[in-house]
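> got a predicted structure here, sequence first:
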Amino acid sequence: SRRVTSSRLATAHVEPSSDAFHAQDCLLARVLAMRNRIRLVTNVPSLRPALDRAVGVPAGTSLCMPVATDRTGVSLADLGAPDLRAALDVQADESIVITLSRLVSVKRLDLVLDVIEKVKASNRPVRFVICGDGTEFGALLDDAQRRDLEGWIHFLGHVGNPAPLLAEADVVLNPSDSEGGM
């Protein structure tokens, strides 16, 4: 893999399309990438050619750089939705709220804990699942324990294939400060 020397990255996490990329964004990304002012990065190797084509840069310009939730290995979440409900003892009348994120401060997972406290106070049948890992894992776990949220929240760690979880979720909660367009 090539070393990333630019301090700015433009990332793609899904297949680029004309619906997602406006012409002016493509032009700006192309100019900045060709001047080595930004690096085009995807977290999935198969997306590199599509990203290069969508932006209009030479093939092989973009890089693949896994994010914190892209570690190898198998986690509980990789078992699939029916096994997940059973493994976590989620009852049929309970809703599932999933957060899939790197566990870093800009993702504002502290707000997820605030939501859980409010749901707990109202005694609603909801189970929260946080998938991913990162530098804030220890602090989040400590905060959840301090708030006495045991039984309301499950930290699953890395999720290699989040699709079954997302399909099983009643709500996906993403309080991130770093995803301005979502």
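Okay, I see it.

> skipping adjacent residues, who's closest to P49 in space?
Using CB to CB, 6 or more residues apart in numbering and skipping residues adjacent in sequence, the residue nearest P49 is A59, 6.4 Å away. Yep, even glycine has a C-beta here, placed from its N, CA and C like the rest.

> okay, and that neighbour sits in which element?
Using DSSP states H and E, A59 maps to neither a helix nor a strand.

> how far away is it from L27?
Separation of A59 from L27 (CB to CB, to the nearest Å): 18 Å.

> and L156, that one's in a strand?
Yes: checked against DSSP: H, G, I helix; E, B strand; the rest coil, L156 lies within a strand.

> count of residues packed around it?
By the other CB atoms under 10 Å criterion, the neighbourhood of L156 contains 21 residues.

> thought it was touching C131?
Yes: checked against CB atoms under 8 Å, the pair L156 and C131 is within contact range at 4.8 Å.

> returning to what we had before: number of nearby residues for the residue nearest to P49?
9.

> how about N161?
13.

> how about the secondary structure of it?
With three-state DSSP as the basis, N161 sits in coil.

> for this structure, longest helix please?
Longest among the helix segments of the chain by residue count, using DSSP state H, is helix 109-122.

> and that one, what does it pack onto?
With contacts defined as 3 or more CB pairs under 8 Å, 6 or more residues apart in numbering; DSSP states H and E, the secondary structure elements packing on helix 109-122 are strand 95-100, strand 126-131, helix 137-146.

> hey, which of these is tucked in deepest?
Burial of the helices and strands packed on helix 109-122 is given as mean neighbour count (mean count of other CB atoms under 10 Å); strand 126-131 ranks first at a mean of 22.

> alright, calling it a day.
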